[in-house]
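Colleague: Sequence unavailable; structure follows:
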């Protein structure tokens, strides 16, 4: 026998191969003493990582569970297309669950996916889960040794790999672009309060203003929902008041569509009088009037990478969770620049 | 004992209660002789319909399977929201499967859903299934007595209930509106060939022209995909030629967004020179420029009704499949009428 395997170590310690794998990966689920004992033994015996595929140990169902908080925006649809682009050709079946941002539904879906013995779980956590910080259902996933990848929304704890976009940076880029175009009175249609994505984009906006020595005007920061309608009233109130903003950074493209509608009805010219930058790069934004400058959040790419990550986790039994933070980029169109 | 039940009849004939139920519902899965024998006996013994709930006979998993061909458009998202609006409050879990218009994937998903013992299946069939006319997987669903509801896309065979929109009528309404607004040279950005929805909308358009004594111009009918981009070239070619259309009926709102972009670049005024009507009433259409006249296809309502239908099928053991065809309606906005 050339190399000692995880199975050999498991036999030695009378535990499961996956416990050994986790111990070798220094996973917090395994008692510290156990981890050290196993690691020392593995080192002594010359254990080589990646020598066994988990898929040989576990029976594969060729099914992947995907949890998303909603499916109302093109962002989620594109992310799912990215996931499909990897799995479809490999004969995996995808099961989608929508949690409606509810912790209880997320827990139930996770339980059911585990009992259906899915090969891996990709999850964009619900807002309620983020707020409650109750991640016990992910403990269950870890205990079942099912690969877990957090997509789009990461959590701090180390339950699995994650693929997310740098929201802070995207917001910073958007705001910087408006400043470079000469805007100083930059309003922000911010996302719903309590959401991490809203917080990060607001911080990117505020820090960029600060770094350019522009004092934020709290009147020009309004929390809205991620839809067109909720942007109407805040935008109206800004432009009916005496001191008008000269630019708007919207938390997503949809709220910008709403703002554009208000400005057009008030005969305010875009970008001559007011510049607008969104976030998401929805498929319609290049065809909207005016064509919308926005931040591309690489939705398809997030899905594709998360799927690949889960496949890697499936193929190796001692996979160290990886955190991928993608960089968003600015796409300049007519809403900030005359063509 | 007051009433004879399906269980009593099943005991008499040494078959399952569900076989009796299907025989009483005159279901084609049951041999004609058996059906008649059971029906005669039931009538003789004074059997009363709806006296037993199927949910008492079958163990419920409180899980519903939903198959859709894609999730790229707001139509599917709204349909799914309609389904959720019924099931979420009742504690049912929804499992979504995307078939990518593939027959093989649809079959696999159906098999898996059945092996997961879902309580009911809602399915919008894939284009490939419609073309191949291979419905053997729905036979399996029927054999397992799992309630089956066809959403959005019906099939002719009697495998279950269905909730669809009247595509023909919607297209007729759209074309009629353009004629009433004075248009005579009405072009049609038709859907992909081979799709039933494309065919029905094209027929509605052609019949309306015919009924108003307008000869269709085959040059003005172009098959495109359901996205913005594919509408660009056909629209350009129409308006670069000598005889221009004075109106466009688009198979969905997205192709109209593409057409609008071409016309705006050519400085052709909407609706003064060209009127445009779409189909779907996407959430963005009321905020597009110009605000798009369109046909509302009641996506949310289709989902809601289909969900209710499946619940009714679950609650009764002798449910006769129902076909619901919803009427679409016209929403007039700026792309056909000056505001």
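Modeller: Done, it's in. On a predicted model such as this, the values are computed, not experimentally measured, just so you know.
Colleague: what number of residues lie near the closest residue to chain B within the stretch 201-339 of chain A?
Modeller: Scanning the stretch 201-339 of chain A for proximity to chain B using CB to the nearest CB identifies residue A:289 as nearest, at 4.1 Å. (Each C-beta comes from the backbone N, C-alpha and C, glycine too.) For residue A:289, the neighbour count with other CB atoms under 10 Å in any protein chain shown is 17.
Colleague: residues in the stretch 201-339 of chain A within reach of chain B, list them.
Modeller: With CB under 8 Å from any CB of the partner chain as the criterion, the stretch 201-339 of chain A meets chain B at residues A:227-228, A:257-258, A:260-261, A:264, A:283-284, A:287-289.
Colleague: pLDDT score assigned to residue A:304?
Modeller: Turning to residue A:304, the model gives it a pLDDT of 97.
Colleague: So it sits against residue A:78, correct?
Modeller: No - checked against CB atoms under 8 Å, the pair residue A:304 and residue A:78 is beyond contact range at 10.1 Å.
Colleague: Name the next helix or strand following the helix or strand bottoming out on mean pLDDT in chain A along the chain.
Modeller: Sorting the helices and strands of chain A by mean pLDDT, DSSP states H and E puts helix A:54-57 at the bottom, at a mean of 42. Sequence order places strand A:63-68 as the next helix or strand after helix A:54-57, per DSSP states H and E.
Colleague: So for that next one, what gets flagged as buried?
Modeller: Judged by neighbour count using 16 or more other CB atoms under 10 Å in any protein chain shown, the buried positions of strand A:63-68 are A:63-68.
Colleague: follow-up on the earlier one: neighbour-wise, which of residue A:304 and residue A:78 wins?
Modeller: Neighbours were counted for residue A:304 and for residue A:78 using other CB under 10 Å; residue A:78 has more, 22 against 19.
Colleague: quick one: the more buried one from residue A:85, how far?
Modeller: Using CB to CB, to the nearest Å, residue A:78 is found at 10 Å from residue A:85.
Colleague: which neighbours do those two share?
Modeller: With contacts taken as CB atoms under 8 Å, 6 or more residues apart in numbering or on different chains, residue A:78 and residue A:85 have A:300, A:303 as neighbours in common.
Colleague: Give me the below-cutoff pLDDT ranges for chain A.
Modeller: Applying pLDDT under 70 to the predicted model, the residue ranges of chain A that meet it are A:1-3, A:48-59.
Colleague: For the residue positioned nearest the centre of chain A, which non-adjacent residue is spatially closest?
Modeller: Closest residue to the average C-alpha location of chain A: residue A:152 at 1.1 Å, with CA atoms, centre = their mean. In this structure, residue A:152 finds its nearest non-sequential neighbour in residue A:124, 4.4 Å apart by CB to CB, 6 or more residues apart in numbering or on different chains.
Colleague: pretty sure residue A:164 belongs to a strand, no?
Modeller: Yes - secondary structure assignment places residue A:164 in a strand (DSSP: H, G, I helix; E, B strand; the rest coil).
Colleague: mind listing what the closest residue to it other than its chain neighbours touches?
Modeller: Closest residue to residue A:164 apart from its sequence neighbours, by CB to CB, 6+ apart: residue A:154 at 4.8 Å. By CB under 8 Å, 6+ apart, the contact list for residue A:154 reads A:162, A:164, A:323.
Colleague: how about a cut-off of 10 Å?
Modeller: Going by CB atoms under 10 Å, 6 or more residues apart in numbering or on different chains, residue A:154 touches A:124-125, A:130, A:160-164, A:196, A:323-325.
Colleague: quick one, what contacts residue A:146?
Modeller: When the contact criterion is CB under 10 Å, 6+ apart, the partners of residue A:146 are A:58, A:65, A:110, A:113-114, A:117-121, A:140, A:160, A:310, A:313-314.
Colleague: Helices of the stretch 1-150 of chain A, residue ranges please.
Modeller: Chain-ordered helices for the stretch 1-150 of chain A, with DSSP state H, counting those that start in this stretch as the definition, fall at A:6-13, A:17-24, A:32-44, A:54-57, A:74-87, A:103-115, A:127-132, A:136-143.
Colleague: I'd like those helices as a markdown table, with distance to chain B appended.
Modeller: Formatted as a markdown table, the helices of the stretch 1-150 of chain A follow (distance: least, CB to the nearest CB, whole Å):
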| stretch | distance to chain B |
| --- | --- |
| helix A:6-13 | 30 |
| helix A:17-24 | 25 |
| helix A:32-44 | 36 |
| helix A:54-57 | 19 |
| helix A:74-87 | 5 |
| helix A:103-115 | 6 |
| helix A:127-132 | 14 |
| helix A:136-143 | 14 |
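Colleague: how about these, which one is nearest residue A:244?
Modeller: Distances from residue A:244 to each of the helices of the stretch 1-150 of chain A were compared by CB to CB, and the smallest falls on helix A:74-87, at 30.2 Å.
Colleague: one step back: what touches both of residue A:304 and residue A:78?
Modeller: If you check residue A:304 and residue A:78 against CB under 10 Å, 6+ apart, the residues they both contact are residue A:298.
Colleague: follow-up on the earlier one: looking at the residues of the stretch 201-339 of chain A next to chain B, which two lie furthest apart in space?
Modeller: Using CB to CB, the pair of those lying farthest apart is A:264 and A:283, separated by 21.3 Å.
Colleague: ok, those two, which is more surrounded?
Modeller: Ranked by neighbour count (other CB under 10 Å), residue A:264 and residue A:283 place residue A:283 first, with 18 against 15.
Colleague: May I have the secondary structure class of that one?
Modeller: Using three-state DSSP, the secondary structure recorded for residue A:283 is coil.
Colleague: could you list every residue that touches it?
Modeller: With contacts defined as CB under 10 Å, 6+ apart, residue A:283 is in contact with A:74, A:77-78, A:253, B:72-73, B:227-229, B:254, B:257.
Colleague: Generate a ChimeraX selection restricted to the buried subset of those.
Modeller: Buried members of these can be picked out in ChimeraX with the line below, counting by 16+ other CB under 10 Å:
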select /A:74,77,78,253 /B:72,73,228,229,254,257
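Colleague: Please convert the contacts of residue A:283 to a markdown table, extending it with distance to residue B:44.
Modeller: Below are the contacts of residue A:283 laid out as a markdown table (distance: CB to CB, whole Å):
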| residue | distance to residue B:44 |
| --- | --- |
| A:74 | 60 |
| A:77 | 56 |
| A:78 | 61 |
| A:253 | 67 |
| B:72 | 55 |
| B:73 | 53 |
| B:227 | 60 |
| B:228 | 64 |
| B:229 | 65 |
| B:254 | 59 |
| B:257 | 63 |
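Colleague: Which one of the contacts of residue A:283 is nearest to residue A:22?
Modeller: residue A:78 (33.6 Å).
Colleague: Strands of the stretch 151-300 of chain A, start to end?
Modeller: The residue ranges that make up the strands of the stretch 151-300 of chain A, judged by DSSP state E, counting those that start in this stretch, are A:161-165, A:186-190, A:221-223, A:247-250, A:275-277, A:294-296.
Colleague: Between those strands, which one is closest to residue B:191.
Modeller: Each of the strands of the stretch 151-300 of chain A has some distance to residue B:191 by CB to CB; the shortest is strand A:294-296, at 28.7 Å.
Colleague: ok, and what's touching that closest one?
Modeller: Residues from elsewhere that reach strand A:294-296, judged by CB under 10 Å, 6+ apart: A:165, A:167, A:169-174, A:177, A:201, A:204, A:249-250, A:252-253, A:256, A:276-282, A:285-286, A:288, A:328-333, A:335-336.
Colleague: Buried ones among the residues you listed?
Modeller: Applying 16+ other CB under 10 Å to the contacts of strand A:294-296, the neighbour count classes A:165, A:167, A:169-174, A:177, A:201, A:204, A:249-250, A:252-253, A:256, A:276-282, A:285-286, A:288, A:328, A:330-331, A:333, A:335-336 as buried.
Colleague: Restricted to helices, list those.
Modeller: Counted as lying in helices by DSSP state H, out of the buried ones among the contacts of strand A:294-296, are A:167, A:169-174, A:177, A:201, A:204, A:253, A:256.
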